[in-house]
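Colleague: This is a predicted model, with the sequence first.
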Amino acid sequence: MENYLNENFGGVKAKNSEEEALRRWRKLCSVVKNPKRRFRFTANLSKRSEAEAMKKTNQEKLRIAVLVSKAALQFIHGIALRSEYVVPEEVSAAGFQICANELGSIVEGHDVKKLKMHGGVEGIINKLNASTTDGLSTTGNKLKKRQEIYGVNKFTESAVRSFWVFVWEALQDTTLIILAVCAFVSLIVGIAMEGWPKGAHDGLGIVASILLVVFVTAISDYRQSLQFKDLDKEKKKISIQVTRDGFRQKISIYDLVPGDIVHLSIGDQVPTDGLFISGYSLLINESSLTGESEPVSVNAAYPFLLSGTKVQDGSCKMLVTTVGMRTQWGKLLATLSEGGDDETPLQVKLNGVATIIGKIGLFFAVITFAVLAQRLVARKYQEDLLSSWSGDDALEMLEFFAIAVTIVVVAVPEGLPLAVTLSLAFAMKKMMNDKALVRHLAACETMGSATTICSDKTGTLTTNHMTVVKACICRNVVEVSSEKDGNVSSHIADVVRKTLLQSIFNNTGGEVVTNQEGKLEILGTPTEAALLEFGLSLGGDFHAQRQETKLVKVEPFNSTKKRMGVVLQLPEAGYRAHCKGASEIILSACNSYVDSAGNVVPLDDDAINHLKSTIDSFAREALRTLCLAYKELGDNFSAKEQMPLEEYTCIGIIGIKDPIRPGVKESVATCRAAGIIVRMVTGDNINTAKAIARECGILTDDGIAIEGPEFREKNLEELNELIPKIQVMARSSPMDKHTLVKHLRTLFHEVVAVTGDGTNDAPALHEADIGLAMGIAGTEVAKESADIIILDDNFSTIVTVAKWGRSIYVNIQKFVQFQLTVNVVALIVNFSSACWSGSAPLTAVQLLWVNMIMDTLGALALATEPPNDDLMRRTPVGRTGKFITNTMWRNILGQSIYQFIIMWCLQTQGKELFRLSGPDADLTLNTITFNSFVFCQVFNEISSREMEKINVFKGILQNYVFLCVLMSTIIFQFVIVQFLGDFANTTPLTAAQWLVTVFIGSVGMPIAALFKLLPARSC
C-alpha cells in the first residue's frame, strides 16, 4: 500500500507543490461520499486560477499608472497649477480640508499634478490637521471623527459560516442520502404493513442514526472552523511605530487613521496608502501589487507609498492618507479569492488510503447485497413463491440494500483525511499557548519529521537583551558599568569622547525619546539600544548631538554588508563619515586610529595586532563585537555619491553581552536525543559564535565551525564532505544560509527547519521545509515567508513545535490503525455472515453507530492526544519514512484476527454458549454480537494509544477529551441496547450478558499487548 500511495499520492509537497500534482490526486479519489466535507480543507484550484488572472490584470493597471505618473513628473515641475477641488461639507464640518476619495486618487493614481495642487506633502498634512513632529492628537473623539470621515483600516472578511451550514454540508453525504431514501421507503411500507407506530420503527431508527451522525459531524467541523478563525485573527496581529500626542508608540495597524505619522524601516510592510515625509535610502518592493521585481526608490520627488508593499532597504516617516478598502491593497483583496491553503502531504496520503479502502468496501458491499438478495430469491424459488412478493419481502430486500449501503458508509473512511485537519487544528490552538503561531497547516506535520534545525544565534539562542560590558577605546580596554560611566571617560580625551558620542548618536537606526511618563525610552534593535544606552552612560545627550550636525546620507545596516554608515555635515564646515559594523570588516577598512590624547595615528602592525587580539579576547568571552570608525571627507560631498569604503580612523571596539536563554542547553540536548542536529548560522564573529555554541552544547569535539566566506569558496565535492560536519557557520550572509539549507535538503535528503528574522532571511525561510520566523525581532517580510512564527523568539519553543509535530504524526498513525481495524473487521464479519447465514449480524442503524465511533469520535479521542516527552527520544521519520508502518500492520492484523474469531464464534456458537432459545434468540444473539463488537472497539481505542508500548494507560487521566469520548461511547451504547431496541434492532441484555460482552472486548487488550511483543519486521 505504501508504494501505491507514494506513486499516486506522493507528489504533493509540504510547500510549493506543483498544480499538476494537486490536480492528479483529486482525479484518483473516485470513491467519495461527501466531496464538500472531504475537500473542505484543500485548495480550490479553479478559484485560485481565477484569482491569479485577476491579480495579473490589477497589477498591469497599477504598473501603467506608475509609468504614467513617472512620465508626468518630467512635465509638472515648474508649472503653476490651480486647484479646482471643492471640499465636501461634511469633511469641512469635521475640521478637514480634503476628502477620502481625493486622497485615494492622489496616491493610488500616483497623481503628481493633484499632489502639487494641494501644496505637496506639507499641504496634505495641513489639510489633515496633522503634525510631522507631534503626529495626531487623540484627545476627545478626534480619532472617531477621522474614522467616520475616512474609514477604518480593516479589510472585508468572509462571513463566519453558521453551524447550520455545516449541518447542510454533512447532509450532502451520498450514502446518507441513499439511507434516508431507504428509511423513507421503509416507513411507507412498514406503516402500510404493520401500522403506526410499530411499522415505523425500522425507518425511524435509520433516520435518528443519520441525524445523530450529521449533528455530531457538524459540531466537530464547526468547532474546527472556529479554531481556524481564531488563528487567522492571531496571524493578522501586526503592530507599527507611530507618533501620536508628541510621543512615539506602538499601535495595531488596524487603528491607523489618515493623518497618522508612521515610522517604517527595513522589513516592514507598508500598512496603508501614504506619502513619504522624510527618510533615507528608501527602496520599496512593489511586486505584490505591480508584479515588478525591481525595487522602487521612494523619496520627496516620488513620495507615493502603497499598502501591502514592503520596505526592502532604508527607513522613512510616512503620512497615512488612505486606509482599509479604499487602498489599492484593500481593493485587490476584495477582488481576489486565494482558493485556500494547499493540502498537506498527510491529508493527501490519507485520501489515498480512504480511496483504496473505499473501493474494497464498495466491492464487498455489492457482493454482500448480491449474496443476501440471492439467498432471498433462492428461498422464494424453493417455496415456489417466486412470482408472489409480499410487503415483508420488500422490506427484507430493502434492509439488505440498506446494509450494503451502510457497509459503504463504514468502509469508506471519510474521516481519515479530516482527522488530519482535526489534529492540526487542535495542535495549532495548543501551540499558540506555547508561543508558536502556525501560518501554514503543513508545517505542523512536517516539523515532526525535521532532522536538522539551522538556528540564528542572536535572540533565539540568546536573550536579545544586550548591554555594553567592555570597550577598547584608544587601545585601552575598560570594563563598562550600567550606571553613569566615569571609568570610560577617565581613559579618553574630551575630543575622543565627543567623536565617540557623535558616532553613537548619529550612526544609529535607534532613537531616544521621552515617553508619556516623562522618562527616557530607547527605541530600536537590541544592538542599537545597547549602544545608545552606552552613549547615555557616558553623559551624552541624544537630541543635542543630533541637532549639532546635519544628516546628509544614511546607508542602513543590512546582513549582506554587515555595516551601517552615515555622512554628517559638521557645524564648523566640512563633512564626516561614520561607520560601524562587524569588527574585522570595519577594522580592515581603517588605516589609522585615535590615541588616548585624541591624535590620529597610523595603524601599524602593533596596533592592528592589539586590536585583533582584543576582538578575539572579547569574542572568546562570548561578547558580540562592533567596531566604530570615522573619516573626514573635506568640504565637497554630495548625497548622490557613494560612501567611502576605506581609509577610516578606528575609534574603538565595543563588546556587547547577550546572555544565553535559560533552558537552551537542555533543549539542544533534547534535540540531540531526538536525532535532530542543531546548527548555528550567525553573522557574528566566529570566536563569539564558537563560545556561545559550546555553551549551548551545539559545538562538539567532532564538529566544525566555519566562516561564510570560506564556505562560499568550496566546490560541490568539498561541500559534500564538509556539510554533515558543520555545526557553526559564522560571518554568514543570507545566501550562505540559503545554500546550506538547499544542500542539506537536496544532497542529504534532510528535513530542514530554519529560523530567520531579517528581510534577507526570506529566501532561506522559503527554501526550508519549515521556515521559523521570530515574532519579536522578526520583520514582517520574514514572517510572511515563514510557516511558523515563534512568538517569544525562544529556541526552546522551536523544540516544543518539533514535539507537537511528532505528536500530530503519531496521533494520525494511531487513528489510522484504529480505523483500519474497524473497517477490516466490519467488512469481513458482515460479508462472511451474509455468505454463511444469509443475514448480516450488524444492521444499518448499528453500523451507522459503529461508523460514528470510529470516525468522528475516534478522531476526537486519538487525534487530539497531547505530546509526551517520550516522543523526543525517538529518531525522526525524515523524508523517506513510511506512514503506515509494519508495526501498524502487525497491530491491525492482531486485533482483526481476534475480533473476527470472536464475531464468528458468536454467530455460529453463540446460542449454545449463552443458552439462548425461543423467538427472541436471534435478536438477543445479534445484540450480544453488536455489544461485543462495540466494546472490542472501545478497548482497541485504548490499546491504540500506544503502538509499541505495553503500558497504554500512561497519561490517560490527563487526556480529558479521550476520557469524555470513551465515557460518551459507553453511555450511548448502554442507552441504545437497553432502551432503543425498537429503533436499533436490539433487546435489553442481562447483567451477566453485559459482563461477558465487556469481558470479550477487554480481552482484546492483552491480545494487543502480546502482538506488540512480536518484532514488527517479521510481521
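Modeller: Cool, the structure landed. These numbers were taken from a predicted model, which means no experiment stands behind them.
Colleague: Tally up the residues packed near Lys281, please.
Modeller: You called it Lys, but residue 281 is Ser. Neighbours of Ser281 under the rule other C-beta atoms under 10 Å: 16. To be clear about C-beta, it is placed using only N, CA and C from the backbone, and glycine gets the same treatment.
Colleague: so it sits in a strand?
Modeller: Yes: counting by DSSP: H, G, I helix; E, B strand; the rest coil, Ser281 is found in a strand.
Colleague: In three-state terms, label the closest residue to it other than its chain neighbours for me.
Modeller: Leaving aside its sequence neighbours, Ser281 sits nearest to Gly314 (C-beta to C-beta, 6 or more residues apart in numbering; 3.7 Å). Following three-state DSSP, Gly314 is assigned to strand.
Colleague: and Gly314, what does it touch?
Modeller: Gly314 sits next to 265-266, 279-283, 554, 556 when contact means C-beta atoms under 8 Å, 6 or more residues apart in numbering.
Colleague: Nearest spatial neighbour of Leu103, chain-adjacent residues omitted?
Modeller: Spatially, and ignoring its direct neighbours in sequence, Leu103 is nearest to Thr321 (4.4 Å; C-beta to C-beta, 6+ apart).
Colleague: Just confirm that neighbour is within a strand.
Modeller: Yes: checked against three-state DSSP, Thr321 lies within a strand.
Colleague: wait, what's in contact with it?
Modeller: Contact analysis of Thr321 by C-beta under 8 Å, 6+ apart lists 103-104, 106-107, 124, 128, 258, 272-275.
Colleague: how close does it get to Arg244?
Modeller: Using C-beta to C-beta, to the nearest Å, we find Thr321 at a distance of 17 Å from Arg244.
Colleague: So what's the predicted local confidence for the residue nearest to Ser281?
Modeller: Gly314 carries a pLDDT score of 84 in this model.
Colleague: Same question for Thr527.
Modeller: pLDDT recorded at Thr527 is 89.
Colleague: ok, it touching Gly683?
Modeller: No: at 11.1 Å, Thr527 does not count as touching Gly683 under the criterion of C-beta atoms under 8 Å.
Colleague: out of those two, which sits in the busier spot?
Modeller: Taking other C-beta under 10 Å, Thr527 and Gly683 do not tie; Gly683 has more neighbours (25 against 22).
Colleague: Is the more buried one in contact with Arg731, as I believe?
Modeller: Yes: with contact defined as C-beta under 8 Å, Gly683 and Arg731 form a contacting pair (6.3 Å).
Colleague: Mutual contacts of these two, please.
Modeller: Common neighbours of Gly683 and Arg731, using C-beta under 8 Å, 6+ apart, are 562, 582.
Colleague: Now do the closest residue to Gly574 other than its chain neighbours, the pLDDT please.
Modeller: Closest residue to Gly574 apart from its sequence neighbours, by C-beta to C-beta, 6+ apart: Asp635 at 5.4 Å. You'll see Asp635 listed with a pLDDT of 87.
Colleague: Count the neighbours of Asp635 for me.
Modeller: The local packing of Asp635 (other C-beta under 10 Å) involves 9 other residues.
Colleague: Ok, Pro763 next?
Modeller: For Pro763, using other C-beta under 10 Å, the count is 17.
Colleague: Which strand or helix spans it?
Modeller: helix 762-767 (DSSP states H and E).
Colleague: Any chance you could list what contacts the following helix or strand past that helix?
Modeller: Remark: after helix 762-767, the chain's next helix or strand is strand 770-774, criterion DSSP H and E. By C-beta under 8 Å, 6+ apart, the surrounding residues in contact with strand 770-774 are 14, 443, 446-447, 450, 456, 459-460, 751-757, 761, 764-765, 782-783, 785-790, 793, 798, 801.
Colleague: roughly how far is the longest helix along the chain from the heart of the chain?
Modeller: Determined from DSSP state H, the single longest helix within the chain is helix 795-837. Taking the mean of its C-alpha atoms, helix 795-837 sits 25 Å from the chain's own mean (C-alpha atoms, centre = their mean, to the nearest Å).
Colleague: so it versus strand 770-774, what angle?
Modeller: Put simply, helix 795-837 runs at 140 degrees to strand 770-774, going by axes from the mean of the first three to the mean of the last three C-alpha atoms, to 10 degrees.
Colleague: the strands in the stretch 251-400 of the chain, which residues?
Modeller: Counting by DSSP state E, counting those that start in this stretch, the stretch 251-400 of the chain has strands at residues 261-264, 273-285, 296-297, 304-305, 310-322.
Colleague: The second one pairs with which strands?
Modeller: This means strand 273-285. If you go by DSSP bridges, strand 273-285 pairs up with strand 296-297 (antiparallel), strand 304-305 (antiparallel), strand 310-322 (antiparallel).
Colleague: and what of the first one?
Modeller: Strand 261-264 has these partner strands in its sheet, going by DSSP bridges: strand 239-244 (antiparallel), strand 310-322 (antiparallel).
Colleague: which outside residues touch that strand?
Modeller: Strand 261-264 has contacts (C-beta under 8 Å, 6+ apart) with 130-132, 135-136, 240-243, 248, 256, 270-272, 274, 277, 279, 282, 311, 315-320.
Colleague: how about the helices in the stretch 501-650 of the chain?
Modeller: Remark: helices assigned in the stretch 501-650 of the chain by DSSP state H, counting those that start in this stretch are 526-537, 542-548, 583-588, 605-620.
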